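**Q** Quick one: sequence plus predicted model below, questions after.
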Amino acid sequence: MKKVAIIDYDMGNVDSVYRAVEECGGVPRITRDAAEIKNADCVILPGVGAYKDGMSNLREYHLDEIVGERVLVKKIPFLGICLGMQLIADKGYEFGETEGLGWISGEIIKLDPGDSLSRIPHVGWNEVHYNQSPLFDDIPQGKDFYFVHSFHFQPARQHFVLATTPYCGEFVSAVNRENIFGVQFHPEKSQRIGFKVLKNFLAL
């Protein structure tokens, strides 16, 4: 069973991710300890809240360096969830411009409702249409996942786009670069279909 470091940087929802990973067959540890992170087989960066706060906390605990060494140098599988996905971009604009981790080139910008039918924040179930990837193995196209967000990832290059969702026109709901994955939805709150994503991640 894979040892999973769930990064604790005071930005919420680590307990639900812990329970989901455990249910999916992983051995989770909620941690910000360098030794535990270095011993992990894969890393999950969850998160709920503001981009600026998230980056501030990662830097305060030196997690940008610790996790970055494992993910960028050692190339272990990484999954960013919601805010955790957004923080791997170059920068975000929530409460002012903030430099991100820069692991997948792009920016985090606010959803544009465009019409009165699209409310911000985007809360609830919505479909995901993905490109072929082991993260979505054995998951039918267009399945609904659970979202809670007001900002979205705008990648610099199309080949970083792993999945899209039809809301506010369309937004990118998953990204990928080599061993680095990010999902805007919450797999831990998306019932069986979300757990399948986590199982696929643990199988990487």
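**A** Perfect, thanks for sending it.
**Q** Work out the gap between the longest helix along the chain and the centre of the chain.
**A** Across the chain, the longest stretch assigned as helix under DSSP state H is helix 191-202. Distance, stretch centre to chain centre, for helix 191-202: 13 Å (CA atoms, centre = their mean, to the nearest Å).
**Q** what do you get for stretch 11-23?
**A** 13 Å.
**Q** do the same with stretch 44-58
**A** With CA atoms, centre = their mean, you get 11 Å for stretch 44-58.
**Q** Just say helix, strand or coil for residue 117.
**A** coil (DSSP: H, G, I helix; E, B strand; the rest coil).
**Q** Who are the packing partners of the longest helix of the chain?
**A** The contact analysis (3 or more CB pairs under 8 Å, 6 or more residues apart in numbering; DSSP states H and E) places helix 191-202 against helix 14-23, strand 42-45, strand 144-149. From N, CA and C alone the C-beta is placed, and that goes for glycine too.
**Q** Can you tell me which of those is most buried?
**A** strand 42-45 (a mean of 25; mean count of other CB atoms under 10 Å).
**Q** next helix or strand past that one?
**A** helix 51-60 (DSSP states H and E).
**Q** can you count the residues close to residue 166?
**A** 14 (other CB atoms under 10 Å).
**Q** measure it to residue 99 for me?
**A** Computed as CB to CB, to the nearest Å, the residue 166 to residue 99 distance reads 31 Å.
**Q** picking that back up, among the helices and strands packed on helix 191-202, which comes closest to residue 73?
**A** Closest of these to residue 73 is strand 42-45, at 12.7 Å (criterion: CB to CB).
**Q** Which strands or helices does that closest one pack on?
**A** strand 3-7, strand 78-81, helix 191-202.
**Q** Residue 40 is nearest to which of those?
**A** Per CB to CB, nearest to residue 40 of these: strand 3-7, 3.6 Å.
**Q** helix/strand/coil for residue 9?
**A** Per three-state DSSP, residue 9 ends up coil.
**Q** Report the contact partners of it.
**A** 32, 47, 54, 57-58, 61, 63 (CB atoms under 8 Å, 6 or more residues apart in numbering).
**Q** from these, which is closest to residue 128?
**A** Distances from residue 128 to the contacts of residue 9, taken by CB to CB, are shortest for residue 47, at 18.9 Å.
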